[in-house]
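K.L.:
mind looking at a prediction? Sequence and model below.
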2 protein chains.
Amino acid sequence: MHNFIFHNPTKIIFGRGTVPAIGTETAAFGSRALLVYGQNSIKKNGIHNQVTTALTEAGVSIVEHGGVCSNPLLSHVRAGIAKVREHELQVIVAVGGGSVIDTAKAIAAGSPAACDVWDFFIGKSAIKAALPVTTVLTLAAAGSEMNGGMVITNDVTKEKFAASGPLLYPKASVLAPELTFTVPPTYTAYGAADAIAHVLEFYMTTEDDDVPVQMEFMEGLIRNAMQSCERCLADPCDYGGRAALMWTATLALNGLTGAGLGRTSFPMHMIEHSLSALYNVPHGAGLAAVVPAWLRWRLPQAAVRIAGLGQRVFGLAEPQAEETVQRLRNWLSNVGCPVTLAELNIPEADIPRIAANALNLARIWRLDSYSQADIEAVLSFCR
Amino acid sequence: MHNFIFHNPTKIIFGRGTVPAIGTETAAFGSRALLVYGQNSIKKNGIHNQVTTALTEAGVSIVEHGGVCSNPLLSHVRAGIAKVREHELQVIVAVGGGSVIDTAKAIAAGSPAACDVWDFFIGKSAIKAALPVTTVLTLAAAGSEMNGGMVITNDVTKEKFAASGPLLYPKASVLAPELTFTVPPTYTAYGAADAIAHVLEFYMTTEDDDVPVQMEFMEGLIRNAMQSCERCLADPCDYGGRAALMWTATLALNGLTGAGLGRTSFPMHMIEHSLSALYNVPHGAGLAAVVPAWLRWRLPQAAVRIAGLGQRVFGLAEPQAEETVQRLRNWLSNVGCPVTLAELNIPEADIPRIAANALNLARIWRLDSYSQADIEAVLSFCR
């Protein structure tokens, strides 16, 4: 096991009927809040009303900042920062999935900063201060509700970049699984694919082979992501299934999966970020296509690890690496995820362009070993 | 899954050579520390010197409070509180295993209190303030390094009682697995038994059957406790084995195992506390005897759950509850743990006395369903 520091101070309030807790949890950090959310779904399903009522009852006044889209945009972050400064807001409340929470974090970090917020994403500046963030989660997928990371897309340069820091951990996150009863089947599956991808990035890129506690934990999370996704697809209002998927997705990226693995990297995300930045495909959908492709490309170097995954997650009696990749790809396809570029409506002729865009991120994410040809080779398996 | 709140703010610094970090981690909370430790082993093996050097270099002055024994005593806690008050100390540094850390927590809670510290253990007062605690762990077992619990024995009344609270989470804990290279085989096994017992209390007493994420996590921890214990016994200086056992024991009782299970209870600990309070047996040794006995006593009501454990932890092909209990008992015995009262040098004629003592704790721990006869029946299986 490699040395590590684990320090996750986010308070999780998990369970049925917990949305009103956002009031007092937020009031502990300020009385003037920016309320960040996505499109109008939270107004239709009543969550917006629940949240604003709870905030108001706790004495928190609200400035609204809706309109976050998937693959959230830098321009929208900057607009939020302007509101925070104009109204001297003290705390950011995110109501939504990873895109909304990441936008809230970027606003939280950008508001008190002297530099432009994009400087944090290109490594030009470090995050030295951030407003407190609280969240109400409405999608089991990204894990942003319990970590210090964020991903934002620069609308001008078409770069989808990440940044992180200890100041970005939400102070409190409300996880009420029933809020996800209305998530459509496709997005439920994309969320599971996202959680599985997060675990597999660590599982496949660990530089330490002697991490049995973490390997067991990760394999259990992948099994749970698959089983709970199937339950949610069979019955969208299966509370236990929604709860298991939500908690699995949170644990997949809250620091425990990677603790002790040494240097890990996110090569599948590196390639997917290029897909969603260029074509605006949903992140989980892009990952569903990239993950099996990357595993197949990686087979020659990682057959033993992949075969072990097959035995312990897919129940294969014998070590069969290629069969394992096929099983994962089939599972993703069966639950409704795209596994080819064609299913994502991306022309194969664009592969060089996608790879060139991904290479920018490869440099920033210390994935320098990846060449244009490597990334093209991975993408060529997305067919 | 039941509703839960998970909030564990302890910072873990894990790995080889991390002891010096205790200096800056402690200095962040004060410049005058009480240094709590056990017998003289940390002076012989150099850990005491490493810690005091790190604290001194970070500008922290020290008042010593060594002499913590296993099943730590209230009188020694009170002596520590007196030192804190006399020297106006600001932070408590624990260097040791669970007994030392629990003593440090009790001193931290008792020092600023107007009431007597024992009032926290008998439910007479709530912990409203506590000095910050930092720790250097020297034994993989109790999990106290990353939770808000503590167990202290009242030397006069012979009661071994627990208390807990959010203020008791250590601010930072240094987990350097190489510090446990010199832990003797018996205590290594007792530590594994302690971790397994912690997991099994949750696993067996959950009131929620639909907690698949947690069940997978717990089964993985039990497998890891067993495998890593065997590695440590085969080679006491196997760093990977020591690291896996240490991280397993920490995760076994840091809140994750119980999150979402609803109301859980600690009946095996309830009985063991009576054994160690009356006979001063090591806590892990007492648990090794009580756990299989309690499982056997519980068999009629819990055959399905125990049989599942047997299949997923002991690799049994068929559901066999009784065989599962036997396997666990055999494993504990094989690694050097006592599994009978006789091996603990406790006469069977004392069973009524032990049960009567345990009943006191049963009332405080909301285990009112346990009668004297129930506890005697469990203990009768310790043969």
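P.N.:
Yep, that arrived.
K.L.:
ok now do the closest residue to A:Gly67 other than its chain neighbours, which residues does it touch?
P.N.:
Excluding the flanking residues, the one nearest A:Gly67 by C-beta to C-beta, 6 or more residues apart in numbering or on different chains is A:His76, at 6.5 Å. For the C-beta atoms, the positions are set from N, CA and C on the backbone; glycine is no exception. Shown in contact with A:His76 (C-beta atoms under 8 Å, 6 or more residues apart in numbering or on different chains): A:67-69, A:103.
K.L.:
torsion angles phi and psi at the residue nearest the centre of chain A?
P.N.:
Most central in chain A under C-alpha atoms, centre = their mean is A:Ala142, positioned 2.4 Å from the mean C-alpha point. Dihedral angles of A:Ala142 (phi, psi; degrees, to the nearest 10) stand at phi -80, psi -30.
K.L.:
surely it and A:Asp194 touch.
P.N.:
Yes: between A:Ala142 and A:Asp194 there is a contact at 6.1 Å, judged by C-beta atoms under 8 Å.
K.L.:
between these two, which contacts overlap?
P.N.:
A:98, A:249, A:283.
K.L.:
circling back: among the contacts of A:His76, which one is most surrounded by other residues?
P.N.:
A:Thr103 (31 neighbours; other C-beta atoms under 10 Å in any protein chain shown).
K.L.:
tell me which residues in the helix ranked longest in chain A are buried?
P.N.:
Longest helix of chain A, by residue count under DSSP state H: helix A:283-313. For helix A:283-313, a neighbour-count test (16 or more other C-beta atoms under 10 Å in any protein chain shown) marks A:283-299, A:302, A:305-310, A:312-313 as buried.
K.L.:
mind listing the strands for chain A?
P.N.:
Here chain A has its strands, by DSSP state E, at A:4-6, A:11-14, A:32-37, A:61-65, A:91-96, A:133-137, A:149-154, A:159-164, A:172-175.
K.L.:
would you reformat these as JSON lines and include mean neighbour count?
P.N.:
Output for those, formatted as JSON lines (neighbours: other C-beta atoms under 10 Å in any protein chain shown):
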{"stretch": "strand A:4-6", "mean neighbour count": "18"}
{"stretch": "strand A:11-14", "mean neighbour count": "23"}
{"stretch": "strand A:32-37", "mean neighbour count": "25"}
{"stretch": "strand A:61-65", "mean neighbour count": "17"}
{"stretch": "strand A:91-96", "mean neighbour count": "29"}
{"stretch": "strand A:133-137", "mean neighbour count": "31"}
{"stretch": "strand A:149-154", "mean neighbour count": "24"}
{"stretch": "strand A:159-164", "mean neighbour count": "21"}
{"stretch": "strand A:172-175", "mean neighbour count": "26"}
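K.L.:
least confident of those, on average?
P.N.:
With a mean of 91, strand A:159-164 has the lowest mean pLDDT of the strands of chain A.
K.L.:
by contact count, what packs against that one?
P.N.:
Secondary-structure packing of strand A:159-164 (3 or more C-beta pairs under 8 Å, 6 or more residues apart in numbering or on different chains; DSSP states H and E): helix A:118-121, strand A:149-154, helix A:267-279, helix A:351-364.
K.L.:
that one pairs with which strands, parallel or anti?
P.N.:
strand A:149-154 (antiparallel) (DSSP bridges).
K.L.:
tabulate the CA atom coordinates of the partner strand in CSV.
P.N.:
The C-alpha trace of strand A:149-154 is given here as CSV (Å, rounded to 0.1, in the frame of the first residue of the first chain):
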residue,chain,number,x,y,z
GLY,A,149,-13.2,17.9,-7.8
MET,A,150,-15.0,19.8,-10.6
VAL,A,151,-15.1,19.6,-14.4
ILE,A,152,-16.0,22.5,-16.6
THR,A,153,-16.1,23.0,-20.4
ASN,A,154,-14.6,26.2,-21.9
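K.L.:
angle of that strand against helix A:267-279?
P.N.:
30 degrees (axes from the mean of the first three to the mean of the last three C-alpha atoms, to 10 degrees).
K.L.:
now do strand A:149-154 against helix A:283-313, angle only.
P.N.:
Angle of strand A:149-154 versus helix A:283-313, following the same axes, to 10 degrees, is 140 degrees.
K.L.:
what parts of the stretch 51-200 of chain A come near chain B?
P.N.:
Residues of the stretch 51-200 of chain A lying close to chain B (C-beta under 8 Å from any C-beta of the partner chain) are A:Pro177.
K.L.:
looking at the stretch 51-200 of chain A, what residue ends up closest to chain B?
P.N.:
Residue nearest to chain B within the stretch 51-200 of chain A: A:Pro177 (7.6 Å; C-beta to the nearest C-beta).
K.L.:
what's the neighbour count on that residue?
P.N.:
The number of residues near A:Pro177, taken as other C-beta under 10 Å, comes to 24.
K.L.:
need the contact list for it.
P.N.:
Contacts of A:Pro177 (C-beta under 8 Å, 6+ apart): A:15-16, A:140, A:239, A:242-243, A:245-246, B:1.
K.L.:
which of those count as buried?
P.N.:
Among the contacts of A:Pro177, those scoring as buried are A:15, A:140, A:239, A:242-243, A:245-246, B:1 (criterion: 16+ other C-beta under 10 Å).
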